[in-house]
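S.K.: The sequence and its predicted three-dimensional model are supplied below.
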Amino acid sequence: MGRSRHSDALRAAQMYYLQDLTMDAIARELRTSRSTVSRLLSSARETGLVQVQIRSPFETGPELESQIRNQYGVDVHVVPVLDTLNEAETLDRVAMQAARTIGPLVDSNAIIGVAWGATLSAVSRHLTRKVTHDSIVVQLNGAGNMQTTGITYASDIMRRFGSAYGARVEQFPVPAFFDHAATKTAMWNERSVQRILDLQARMSIAIFGVGSVDSDYPSHVYAGGYLDERDLAILAADDVVGDVATVFFRSDGSSDGITLNERSTGPSHEQLRQVRRRICVVSGASKINGLQGALAAGLATDLILDEASARRLVSFNGHS
(Lines give C-alpha, C1' and ligand atoms only; values in the text may rest on other atoms or scores of the structure.)
Protein backbone atom coordinates (compact mmCIF):
# COMPACT_ATOMS: atom_id res chain seq x y z
CA MET A 1 0.00 0.00 0.00
CA GLY A 2 1.37 3.40 -1.02
CA ARG A 3 2.16 6.06 1.55
CA SER A 4 -0.85 8.24 0.52
CA ARG A 5 -3.32 5.35 0.69
CA HIS A 6 -1.73 4.18 3.96
CA SER A 7 -2.30 7.67 5.38
CA ASP A 8 -5.92 7.72 4.18
CA ALA A 9 -6.57 4.29 5.69
CA LEU A 10 -5.12 5.46 9.01
CA ARG A 11 -7.26 8.61 9.04
CA ALA A 12 -10.40 6.67 8.12
CA ALA A 13 -9.72 4.09 10.84
CA GLN A 14 -9.16 6.77 13.48
CA MET A 15 -12.41 8.53 12.54
CA TYR A 16 -14.43 5.30 12.44
CA TYR A 17 -13.03 3.42 15.48
CA LEU A 18 -11.89 6.25 17.78
CA GLN A 19 -14.29 9.08 16.91
CA ASP A 20 -17.40 6.96 16.11
CA LEU A 21 -18.03 8.75 12.81
CA THR A 22 -20.21 7.00 10.24
CA MET A 23 -18.84 5.97 6.86
CA ASP A 24 -20.94 8.67 5.23
CA ALA A 25 -19.46 11.32 7.54
CA ILE A 26 -15.93 10.07 6.88
CA ALA A 27 -16.59 10.13 3.12
CA ARG A 28 -17.63 13.77 3.36
CA GLU A 29 -14.54 14.73 5.39
CA LEU A 30 -12.17 12.89 3.07
CA ARG A 31 -14.12 14.06 0.01
CA THR A 32 -14.50 10.58 -1.36
CA SER A 33 -17.18 7.90 -1.74
CA ARG A 34 -18.63 5.65 0.94
CA SER A 35 -17.38 2.56 -0.93
CA THR A 36 -13.83 3.99 -0.87
CA VAL A 37 -14.09 4.48 2.89
CA SER A 38 -15.23 0.87 3.25
CA ARG A 39 -12.19 -0.29 1.26
CA LEU A 40 -9.87 1.91 3.37
CA LEU A 41 -11.24 0.38 6.60
CA SER A 42 -10.81 -3.14 5.19
CA SER A 43 -7.24 -2.26 4.21
CA ALA A 44 -6.57 -0.90 7.72
CA ARG A 45 -7.62 -4.24 9.23
CA GLU A 46 -5.71 -6.36 6.70
CA THR A 47 -2.45 -4.43 7.14
CA GLY A 48 -2.56 -4.43 10.93
CA LEU A 49 -3.32 -0.71 11.39
CA VAL A 50 -6.46 -1.87 13.21
CA GLN A 51 -6.46 -4.90 15.49
CA VAL A 52 -9.64 -6.19 17.09
CA GLN A 53 -9.74 -7.77 20.56
CA ILE A 54 -12.83 -9.59 21.78
CA ARG A 55 -13.25 -10.58 25.44
CA SER A 56 -16.37 -12.65 26.11
CA PRO A 57 -17.54 -13.04 29.73
CA PHE A 58 -18.81 -16.51 28.82
CA GLU A 59 -15.49 -17.97 27.60
CA THR A 60 -13.39 -20.35 29.66
CA GLY A 61 -10.27 -18.94 27.96
CA PRO A 62 -9.48 -16.20 30.52
CA GLU A 63 -9.76 -18.69 33.41
CA LEU A 64 -7.47 -21.17 31.63
CA GLU A 65 -5.04 -18.36 30.80
CA SER A 66 -4.88 -17.39 34.48
CA GLN A 67 -4.27 -20.99 35.59
CA ILE A 68 -1.50 -21.59 33.04
CA ARG A 69 0.08 -18.20 33.83
CA ASN A 70 0.20 -19.09 37.52
CA GLN A 71 1.50 -22.62 36.95
CA TYR A 72 4.16 -21.89 34.34
CA GLY A 73 4.94 -18.18 34.60
CA VAL A 74 4.18 -17.40 30.95
CA ASP A 75 1.88 -14.91 29.23
CA VAL A 76 -0.92 -16.93 27.64
CA HIS A 77 -3.37 -16.49 24.76
CA VAL A 78 -5.98 -19.26 24.57
CA VAL A 79 -7.68 -19.56 21.18
CA PRO A 80 -11.33 -20.69 21.45
CA VAL A 81 -11.85 -23.56 19.00
CA LEU A 82 -14.78 -25.96 18.63
CA ASP A 83 -14.00 -29.55 19.64
CA THR A 84 -15.58 -30.75 16.38
CA LEU A 85 -12.74 -29.31 14.25
CA ASN A 86 -9.95 -31.64 13.14
CA GLU A 87 -6.28 -30.89 13.89
CA ALA A 88 -5.63 -29.21 10.53
CA GLU A 89 -8.60 -26.88 10.99
CA THR A 90 -7.59 -26.16 14.59
CA LEU A 91 -4.06 -25.33 13.45
CA ASP A 92 -5.40 -22.82 10.92
CA ARG A 93 -7.48 -21.06 13.61
CA VAL A 94 -4.59 -20.96 16.06
CA ALA A 95 -2.18 -19.77 13.36
CA MET A 96 -4.50 -16.92 12.40
CA GLN A 97 -4.80 -15.64 15.97
CA ALA A 98 -1.09 -16.20 16.62
CA ALA A 99 -0.19 -14.09 13.58
CA ARG A 100 -2.36 -11.24 14.84
CA THR A 101 -0.96 -11.55 18.36
CA ILE A 102 2.67 -11.52 17.20
CA GLY A 103 2.31 -8.39 15.03
CA PRO A 104 2.08 -5.81 17.85
CA LEU A 105 5.11 -7.40 19.56
CA VAL A 106 7.41 -6.77 16.57
CA ASP A 107 9.13 -3.38 16.57
CA SER A 108 11.78 -1.65 14.47
CA ASN A 109 15.41 -2.70 14.99
CA ALA A 110 14.24 -6.15 16.06
CA ILE A 111 16.12 -9.37 15.35
CA ILE A 112 13.40 -12.00 14.98
CA GLY A 113 14.45 -15.64 15.19
CA VAL A 114 12.03 -17.99 13.41
CA ALA A 115 12.04 -21.79 13.53
CA TRP A 116 10.65 -23.72 10.57
CA GLY A 117 7.90 -26.29 11.00
CA ALA A 118 4.25 -27.02 10.23
CA THR A 119 2.98 -24.61 12.90
CA LEU A 120 5.16 -21.65 11.88
CA SER A 121 4.40 -22.33 8.21
CA ALA A 122 0.70 -21.92 9.01
CA VAL A 123 1.36 -18.79 11.09
CA SER A 124 3.41 -17.23 8.29
CA ARG A 125 0.44 -17.47 5.90
CA HIS A 126 -1.73 -15.31 8.18
CA LEU A 127 0.73 -12.52 9.04
CA THR A 128 -0.55 -8.98 8.53
CA ARG A 129 1.75 -6.27 7.27
CA LYS A 130 3.41 -3.94 9.76
CA VAL A 131 5.98 -1.38 8.72
CA THR A 132 9.22 -1.68 10.70
CA HIS A 133 12.71 -0.33 10.03
CA ASP A 134 16.10 -2.07 10.22
CA SER A 135 14.58 -5.35 11.38
CA ILE A 136 16.04 -8.77 10.58
CA VAL A 137 14.39 -12.19 10.37
CA VAL A 138 16.95 -14.94 11.03
CA GLN A 139 16.37 -18.67 10.60
CA LEU A 140 16.90 -20.53 13.89
CA ASN A 141 17.94 -23.94 12.57
CA GLY A 142 18.99 -25.65 9.37
CA ALA A 143 16.41 -27.50 7.29
CA GLY A 144 18.37 -29.85 5.03
CA ASN A 145 18.31 -33.66 5.15
CA MET A 146 19.29 -36.60 2.94
CA GLN A 147 16.22 -36.12 0.73
CA THR A 148 16.12 -32.33 0.36
CA THR A 149 18.12 -29.18 1.02
CA GLY A 150 15.06 -27.85 2.88
CA ILE A 151 15.86 -24.41 1.49
CA THR A 152 12.54 -23.90 -0.33
CA TYR A 153 10.42 -25.02 2.63
CA ALA A 154 12.26 -22.92 5.20
CA SER A 155 12.81 -19.91 2.93
CA ASP A 156 9.08 -19.64 2.17
CA ILE A 157 8.40 -19.26 5.90
CA MET A 158 11.23 -16.75 6.39
CA ARG A 159 10.21 -14.80 3.28
CA ARG A 160 6.64 -14.38 4.56
CA PHE A 161 7.88 -13.09 7.91
CA GLY A 162 10.31 -10.74 6.19
CA SER A 163 7.66 -9.45 3.81
CA ALA A 164 5.13 -8.88 6.61
CA TYR A 165 7.50 -6.74 8.67
CA GLY A 166 9.65 -5.21 5.92
CA ALA A 167 12.63 -7.05 7.41
CA ARG A 168 15.84 -8.38 5.90
CA VAL A 169 15.87 -12.18 5.83
CA GLU A 170 18.92 -14.23 6.82
CA GLN A 171 18.63 -17.92 6.00
CA PHE A 172 20.69 -20.65 7.65
CA PRO A 173 21.73 -22.97 4.78
CA VAL A 174 22.94 -25.95 6.83
CA PRO A 175 21.33 -29.36 7.48
CA ALA A 176 18.94 -29.81 10.38
CA PHE A 177 21.35 -32.40 11.77
CA PHE A 178 24.96 -33.08 10.87
CA ASP A 179 26.02 -36.71 10.52
CA HIS A 180 28.87 -36.10 12.94
CA ALA A 181 29.24 -33.69 15.86
CA ALA A 182 32.78 -32.91 14.67
CA THR A 183 31.38 -31.58 11.37
CA LYS A 184 29.15 -29.17 13.27
CA THR A 185 32.11 -27.98 15.35
CA ALA A 186 34.11 -27.31 12.18
CA MET A 187 31.21 -25.51 10.46
CA TRP A 188 30.58 -23.34 13.51
CA ASN A 189 34.12 -21.99 13.08
CA GLU A 190 33.38 -20.78 9.55
CA ARG A 191 32.94 -17.00 9.33
CA SER A 192 29.86 -17.25 7.09
CA VAL A 193 28.15 -19.44 9.69
CA GLN A 194 29.39 -17.33 12.60
CA ARG A 195 27.63 -14.32 11.07
CA ILE A 196 24.28 -16.11 11.40
CA LEU A 197 25.14 -17.40 14.88
CA ASP A 198 25.96 -13.83 15.93
CA LEU A 199 22.52 -12.66 14.77
CA GLN A 200 20.90 -15.51 16.69
CA ALA A 201 22.84 -14.53 19.81
CA ARG A 202 21.39 -10.99 19.54
CA MET A 203 17.76 -11.96 18.95
CA SER A 204 15.11 -9.82 20.63
CA ILE A 205 12.26 -12.20 19.72
CA ALA A 206 12.21 -15.94 19.02
CA ILE A 207 9.11 -17.55 17.48
CA PHE A 208 8.71 -21.32 17.40
CA GLY A 209 6.38 -24.29 17.63
CA VAL A 210 6.88 -27.49 19.59
CA GLY A 211 7.67 -30.78 17.93
CA SER A 212 6.19 -33.77 19.76
CA VAL A 213 7.24 -37.39 19.33
CA ASP A 214 3.70 -38.74 19.75
CA SER A 215 1.62 -36.02 18.07
CA ASP A 216 -1.42 -37.07 16.02
CA TYR A 217 -0.54 -34.40 13.43
CA PRO A 218 3.12 -35.31 12.83
CA SER A 219 5.70 -32.58 13.41
CA HIS A 220 7.74 -31.88 10.29
CA VAL A 221 11.01 -32.98 11.91
CA TYR A 222 9.59 -36.45 12.65
CA ALA A 223 7.69 -36.93 9.37
CA GLY A 224 9.88 -35.10 6.85
CA GLY A 225 12.79 -37.52 6.54
CA TYR A 226 15.06 -35.80 9.07
CA LEU A 227 15.36 -38.77 11.41
CA ASP A 228 16.01 -42.41 10.49
CA GLU A 229 15.01 -45.47 12.52
CA ARG A 230 18.29 -45.41 14.43
CA ASP A 231 17.80 -41.76 15.37
CA LEU A 232 14.26 -42.44 16.57
CA ALA A 233 15.51 -45.38 18.66
CA ILE A 234 18.15 -43.12 20.25
CA LEU A 235 15.49 -40.53 21.09
CA ALA A 236 13.31 -43.22 22.68
CA ALA A 237 16.25 -44.48 24.74
CA ASP A 238 16.91 -40.92 25.92
CA ASP A 239 13.21 -40.53 26.96
CA VAL A 240 12.74 -37.59 24.57
CA VAL A 241 9.20 -36.17 24.37
CA GLY A 242 9.73 -33.28 21.96
CA ASP A 243 11.88 -30.54 20.50
CA VAL A 244 12.09 -26.81 19.87
CA ALA A 245 14.01 -25.86 16.72
CA THR A 246 15.32 -29.47 16.45
CA VAL A 247 16.88 -29.42 19.93
CA PHE A 248 15.34 -32.21 22.02
CA PHE A 249 14.23 -32.44 25.67
CA ARG A 250 12.62 -34.82 28.16
CA SER A 251 9.32 -34.36 29.99
CA ASP A 252 11.06 -32.63 32.90
CA GLY A 253 12.69 -30.13 30.53
CA SER A 254 16.17 -31.59 30.81
CA SER A 255 18.33 -32.05 27.72
CA ASP A 256 21.70 -33.14 29.12
CA GLY A 257 23.10 -36.32 27.62
CA ILE A 258 20.74 -36.34 24.59
CA THR A 259 23.34 -37.23 21.98
CA LEU A 260 21.36 -36.07 18.94
CA ASN A 261 21.51 -32.49 20.25
CA GLU A 262 25.28 -32.54 19.65
CA ARG A 263 24.53 -32.80 15.92
CA SER A 264 21.55 -30.42 15.83
CA THR A 265 21.87 -26.98 14.24
CA GLY A 266 19.22 -25.33 16.44
CA PRO A 267 20.10 -22.99 19.34
CA SER A 268 20.80 -24.64 22.69
CA HIS A 269 18.21 -24.24 25.40
CA GLU A 270 20.65 -22.09 27.36
CA GLN A 271 20.97 -19.73 24.41
CA LEU A 272 17.24 -19.65 23.74
CA ARG A 273 16.50 -18.73 27.36
CA GLN A 274 18.66 -15.61 26.93
CA VAL A 275 16.18 -14.16 24.38
CA ARG A 276 13.97 -11.51 25.98
CA ARG A 277 10.73 -12.60 24.28
CA ARG A 278 10.15 -16.22 23.30
CA ILE A 279 6.79 -16.91 21.63
CA CYS A 280 5.65 -20.53 21.50
CA VAL A 281 2.69 -21.48 19.29
CA VAL A 282 1.03 -24.86 19.83
CA SER A 283 -1.99 -26.45 18.19
CA GLY A 284 -3.41 -29.89 18.95
CA ALA A 285 -3.88 -31.53 22.34
CA SER A 286 -1.78 -34.53 21.27
CA LYS A 287 1.29 -32.27 21.55
CA ILE A 288 0.74 -31.91 25.30
CA ASN A 289 3.79 -34.00 26.30
CA GLY A 290 6.10 -31.95 24.11
CA LEU A 291 4.56 -28.69 25.30
CA GLN A 292 4.85 -29.62 28.97
CA GLY A 293 8.52 -30.47 28.45
CA ALA A 294 9.18 -27.15 26.67
CA LEU A 295 7.53 -25.22 29.51
CA ALA A 296 9.43 -27.21 32.11
CA ALA A 297 12.63 -26.21 30.29
CA GLY A 298 11.65 -22.54 30.55
CA LEU A 299 11.83 -22.06 26.78
CA ALA A 300 8.79 -19.76 26.42
CA THR A 301 7.79 -16.39 27.80
CA ASP A 302 4.58 -16.26 25.72
CA LEU A 303 2.30 -19.15 24.82
CA ILE A 304 -0.44 -19.21 22.17
CA LEU A 305 -2.50 -22.42 22.09
CA ASP A 306 -5.95 -23.82 21.37
CA GLU A 307 -8.51 -24.23 24.14
CA ALA A 308 -8.46 -28.06 24.15
CA SER A 309 -4.67 -28.04 24.58
CA ALA A 310 -5.00 -25.47 27.37
CA ARG A 311 -7.46 -27.71 29.22
CA ARG A 312 -5.16 -30.72 28.78
CA LEU A 313 -2.18 -28.70 30.00
CA VAL A 314 -3.99 -27.59 33.18
CA SER A 315 -5.18 -31.17 33.77
CA PHE A 316 -1.72 -32.56 32.99
CA ASN A 317 -0.12 -30.30 35.57
CA GLY A 318 -2.74 -31.16 38.14
CA HIS A 319 -1.92 -34.87 37.85
CA SER A 320 1.86 -34.61 37.51
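M.R.: In hand now; what should we look at?

S.K.: Show me the helices in the stretch 151-300 of the chain, by range?
M.R.: Ranges of helices in the stretch 151-300 of the chain, per DSSP state H, counting those that start in this stretch, are 151-165, 181-187, 191-201, 220-223, 229-237, 269-272, 288-296.

S.K.: Provide the strand pairings for the helix or strand following the last one, with the direction of each partner.
M.R.: Translated: helix 288-296. Next along the chain after helix 288-296, taking DSSP states H and E as the criterion, comes strand 302-306. Sheet pairing of strand 302-306 (DSSP bridges) gives strand 75-79 (parallel), strand 277-282 (parallel).

S.K.: could you point out where this protein is predicted with low confidence?
M.R.: Filtered on pLDDT under 70, the chain yields the residue ranges 1-2, 53-61, 146-151, 216-218, 223-224, 316-320.

S.K.: at 50 instead, please
M.R.: Counting by pLDDT under 50, the chain has low-confidence residues at 58, 320.

S.K.: one step back: would you reformat the strands paired with strand 302-306 as a markdown table and include distance to Glu63 and mean neighbour count?
M.R.: (Glycine included, C-beta is placed from N, CA and C.) Output for the strands paired with strand 302-306, formatted as a markdown table (distance: least, Cβ to Cβ, whole Å; neighbours: other Cβ atoms under 10 Å):
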| stretch | distance to Glu63 | mean neighbour count |
| --- | --- | --- |
| strand 75-79 | 9 | 21 |
| strand 277-282 | 19 | 24 |
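
S.K.: before we move on, the earlier item: need the winner for burial among the helices of the stretch 151-300 of the chain.
M.R.: helix 288-296 (a mean of 24; mean count of other Cβ atoms under 10 Å).

S.K.: Just want the angle from it to strand 302-306.
M.R.: Going by axes from the mean of the first three to the mean of the last three Cα atoms, to 10 degrees, helix 288-296 is angled at 170 degrees with respect to strand 302-306.

S.K.: name the helices or strands packed onto helix 288-296?
M.R.: strand 211-212, strand 240-244, strand 247-250, strand 277-282, helix 307-318 (3 or more Cβ pairs under 8 Å, 6 or more residues apart in numbering; DSSP states H and E).

S.K.: follow-up on the earlier one: TSV for the strands paired with strand 302-306, including distance to Ala233?
M.R.: Shown next, in TSV, are those (distance: least, Cβ to Cβ, whole Å):
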stretch	distance to Ala233
strand 75-79	35
strand 277-282	26
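
S.K.: Gly257 touches Asp238, doesn't it?
M.R.: Yes - the pair Gly257 / Asp238 is scored as a contact, 6.9 Å apart, by Cβ atoms under 8 Å.

S.K.: higher neighbour count, the two?
M.R.: Between Gly257 and Asp238, Asp238 has the larger neighbour count (other Cβ atoms under 10 Å), namely 17 against 9.

S.K.: Could you pull up the contacting residues of the more buried one?
M.R.: Neighbouring residues of Asp238 by Cβ atoms under 8 Å, 6 or more residues apart in numbering: Phe248, Arg250, Gly257, Ile258, Thr259, Leu260.

S.K.: Report the separation between it and Leu313.
M.R.: The spacing between Asp238 and Leu313, counted by Cβ to Cβ, to the nearest Å, is 23 Å.

S.K.: cool, Leu197 as well?
M.R.: 33 Å.

S.K.: ok, the spatially closest residue to Gly242 that is not a sequence neighbour to Ser309 distance?
M.R.: Distance criterion Cβ to Cβ, 6 or more residues apart in numbering; nearest residue to Gly242, sequence neighbours excluded, is Gly290 at 2.6 Å. Gly290 sits 11 Å away from Ser309, going by Cβ to Cβ.
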